[in-house]
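> make a model of this:
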Amino acid sequence: MIRVRKWGEVTGFLMGRSMGPYVPYTVHAFLVGDTLFDTGAVHAHREFMNALAGRCITTIVNTHHHEDHIGNNAMIRRVFGAVAYAREEALPFIADPVRIGLRLYQRVVWGCPDPSRAAPLGDSIELSDRVFRVIHTPGHSPDHACLLEPNEGWLFTGDLFCGKTIRYLRRDEDFPLILSSLKRLFPLDFSTIFCGLKGRVENGREALGAKIGFMEDLQARVMDLHRKGYPPREIRTRILGREGAMHYLSAAHFSKQHVIDSILAQEDTPPGDALK
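Prediction:
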């Protein structure tokens with residue numbers, strides 16, 4: 001499945017694997033001029049390549065190494081001759097996606113990318129006659145980066161923002177570090193978010209501020225119950241409710257409990273380590 005939508009100079013490609021009438025999880029890639037921000041999932045490669053036919057693609061920028069963001073790097077490099085960029089920590093995973101260690105549900109929903117090559121991103125990059133600032137924003141993954149174009153007020157957030165609330169985390173995500181990265185972005189000069197999950201988000205600073213507020217409140221509630229002696233699973237039930245289908249379909253890799261556990265893990269983190 002693919003749907004194409006144009007917002008001024010930014011074209012969004014919403015894609016996912018169709019399973020009959022159901023698409024279990026979608027992701028966006030964005031095209032600005034001749035630059036693609038992320039390349040989506042390999043299971044949508046035919047539809048995506050059809051949507052890109054006749055366009056000029058010279059550059060790929062990956063916000064991070066996850067399989068639903070680098071899925072079509074190899075094919076786009078091969079067909080268009082594009083050069084790819086990502087933070088240096090992401091490069092080994094792009095070169096050898098087996099390193100990602102995909103679980104069964106990830107292979108079914110998104111697929112395993114083909115190996116490809118990318119060059120390291122610096123602190124800024126000139127793309128399509130615009131200079132984008134590259135901001136390291138770990139938490140969703142250690143190599144995650146967001147890109148800011150201040151003249152247009154655009155902020156490309158990959159999988160860092162993903163909506164005003166948060167109720168699930170992958171086992172390898174870090175709640176306090178996500179919150180710290182969001183706070184790093186908030187003072188920047190932007191008005192529109194381009195999000196891997198949500199697409200274009202208008203009033204981006206307000207939306208990002210709302211997420212920060214939600215996470216801070218959630219964190220405070222979790223810690224309050226923890227100090228009162230409630231065990232982690234009861235805290236999850238009281239605040240986030242019972243686990244949903246994704247917990248079971250992902251064999252607990254993606255769950256509400258990881259939100260609670262990640263918040264509580266900061267109690268055991270030495271001062272300063274959380275920002276490393």
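> spatially central residue in this protein, please.
Asp159 (1.6 Å; CA atoms, centre = their mean).
> quick one, phi psi at it?
phi -110, psi 20 (degrees, to the nearest 10).
> Ser262 in helix, strand or coil?
Secondary structure, DSSP: H, G, I helix; E, B strand; the rest coil: Ser262 is helix.
> list the contacts of it.
Residues in contact with Ser262 (CB atoms under 8 Å, 6 or more residues apart in numbering) are 169, 173-176. All C-beta spots, glycine's among them, are computed from the backbone N, C-alpha and C.
> at 6 Å instead, please
169, 174-175 (CB atoms under 6 Å, 6 or more residues apart in numbering).
> residues near the closest residue to it other than its chain neighbours, how many?
For Ser262, ignoring the flanking residues on the chain, the nearest one in space by CB to CB, 6 or more residues apart in numbering is Phe175 at 3.8 Å. By other CB atoms under 10 Å, the residues close to Phe175 number 23.
> Phe175 contacts Leu264, correct?
No - using CB atoms under 6 Å, Phe175 is not in contact with Leu264, being 9.3 Å away.
> may I have the helix or strand Ile235 falls within as PDB, with CA atoms only?
Ile235 is located in helix 232-239, with elements delineated by DSSP states H and E. This file holds the C-alpha atoms of helix 232-239, laid out as PDB (Å, rounded to 0.1, in the frame of the first residue of the first chain):
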ATOM      1  CA  PRO A 232       5.900  -2.100  38.200                       C
ATOM      2  CA  ARG A 233       3.100  -4.300  36.700                       C
ATOM      3  CA  GLU A 234       0.500  -2.700  39.000                       C
ATOM      4  CA  ILE A 235       1.800   0.700  38.100                       C
ATOM      5  CA  ARG A 236       1.300  -0.100  34.400                       C
ATOM      6  CA  THR A 237      -2.200  -1.400  35.000                       C
ATOM      7  CA  ARG A 238      -3.200   1.700  37.000                       C
ATOM      8  CA  ILE A 239      -1.700   4.300  34.500                       C
END
